[in-house]
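> model the following, please.
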Amino acid sequence: MHIGEQIKLFRDENDMTIEEFAKIVGLNRGTIMNYEHGQSKPRSMSRINKVLNLSAEELEAIRPQKEPRKRKSPQKAKLESVVARPTAPVRRKKQNGLKSQEYIIGLVDRLSDEQKGLLIGYIDALLIKEMMEE
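Numbering: from 1, shown residues only. Down below sits the predicted model:
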């Protein structure tokens, strides 16, 4: 069994994501993925072997705490659905190399919750006005 298979087996047995394992051994996610897929081999096995030989208690002591998944606020989910809603053909302008939808979502992410609420209200008003004109 090559090192990548050992890492994968270890992660599966310990219900661990690639990100968690990478953080513990001090490597990035892509490196661990390459090991698991046999695309590269570690230059130094010492850090990985130390982790692979830990007891469950030792592993739990150094394992990063899982952060709760961030749920989208209702306003952000609504905005994303409005932005992604197909309407008339839209010219896709590039803004700093991003598609216009991604650019808008990036801007919205920078807003405070209060500003997001105001933006959602404005968008709702625009959509209602558009529906009334049809």
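> on the three-state scheme, the nearest residue to Ser40 once chain neighbours are set aside is what?
Spatial nearest neighbour of Ser40, excluding adjacent residues (Cβ to Cβ, 6 or more residues apart in numbering): Asn34 at 4.4 Å. Where C-beta positions appear, they are placed from N, C-alpha and C, glycine not excepted. At Asn34 the chain is in helix, as set by DSSP: H, G, I helix; E, B strand; the rest coil.
> break this structure into its domains for me.
Domain assignment for the chain, taken from automatic domain parsing, gives 3-62, 74-133.
> those domains: lowest mean pLDDT?
Lowest mean pLDDT within these: domain 74-133, a mean of 68.
> would a markdown table of the domains of the chain with mean neighbour count be doable?
Output for the domains of the chain, formatted as a markdown table (neighbours: other Cβ atoms under 10 Å):
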| stretch | mean neighbour count |
| --- | --- |
| domain 3-62 | 14 |
| domain 74-133 | 12 |
